[in-house]
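Enquirer: this is the structure alone, sequence omitted:
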Ligand code: SF4
Ligand code: SF4
């Protein structure tokens, strides 16, 4: 018999950690399912978002942090808008991604690599440099043909910069990243 409050399936501190990290009261969720009904990515999720809320209440830390759903979430905030109890569900999904990353439980590595490539680009140039970000993503994942068919269209519309866009004080953006790292 386990003597602590943590077992393979259950962690009694999980709910508290997520509530503190997101500043949301998750005990308000009464499983109406509105968040899942509105979520445009539900078809791809391994766990529907309302069930994730229930599993949080039940302390099922490992199962939640190992899920693909938290990485496939597009942060569109439809769930947040639809929740009758004013729970910021999208913010909770964001907190869960951070926790999963810290615990080494990233179920969708390409999504994490895309985020890292995006943030590296913003840190370096002050705003995203599209072609450089894609090159970085390809280098990290070896997925050479991801969205390659969209490149000519994006280029034609001027949406794919081939050179970094300059901003006035990129050092200020770099200081924001440095401050964030100090808090880790
Ligand atoms: S923020 Fe994420 S979980 Fe919420 S509706 Fe959008 S994709 Fe679904
Ligand atoms: S919409 Fe809000 S109350 Fe309803 S299931 Fe989702 S999180 Fe819970």
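Expert: Noted; the coordinates are in hand. Keep in mind the model is a prediction, meaning the values are calculated, not measured. Ligands and ions are numbered 1, 2, ... in the order given.

Enquirer: tell me where the chain has helices.
Expert: Assigned helices in the chain, in chain order: 14-22, 34-38, 49-57, 61-65, 69-72, 78-82, 89-102, 109-125, 130-141, 151-156, 170-182 (criterion: DSSP state H).

Enquirer: how about the residues of this structure by ligand 2?
Expert: For the chain, the residues in contact with ligand 2 (CB under 6 Å from any ligand atom) are 29-35, 50, 53, 82-83, 85, 87, 89. The way it works is simple: take the backbone N, C-alpha and C, and place the C-beta from them, glycine included.

Enquirer: returning to what we had before: wait, which of the helices of the chain is closest to residue 162?
Expert: With respect to residue 162, and counting by CB to CB, the nearest of the helices of the chain is helix 130-141 at 5.2 Å.

Enquirer: what does that closest one contact?
Expert: 109-110, 113-114, 116-118, 120-121, 124-125, 143-144, 146-147, 154, 159-162, 164 (CB atoms under 8 Å, 6 or more residues apart in numbering).

Enquirer: please repeat the previous calculation with a cut-off of 7 Å.
Expert: 110, 113-114, 117-118, 120-121, 144, 160-162, 164 (CB atoms under 7 Å, 6 or more residues apart in numbering).

Enquirer: pick the one among those closest to ligand 1.
Expert: Within these, the smallest distance to ligand 1 is 15.3 Å, found for residue 114 (CB to the nearest ligand atom).

Enquirer: what is the burial count for the closest one?
Expert: Using other CB atoms under 10 Å, residue 114 is surrounded by 19 other residues.
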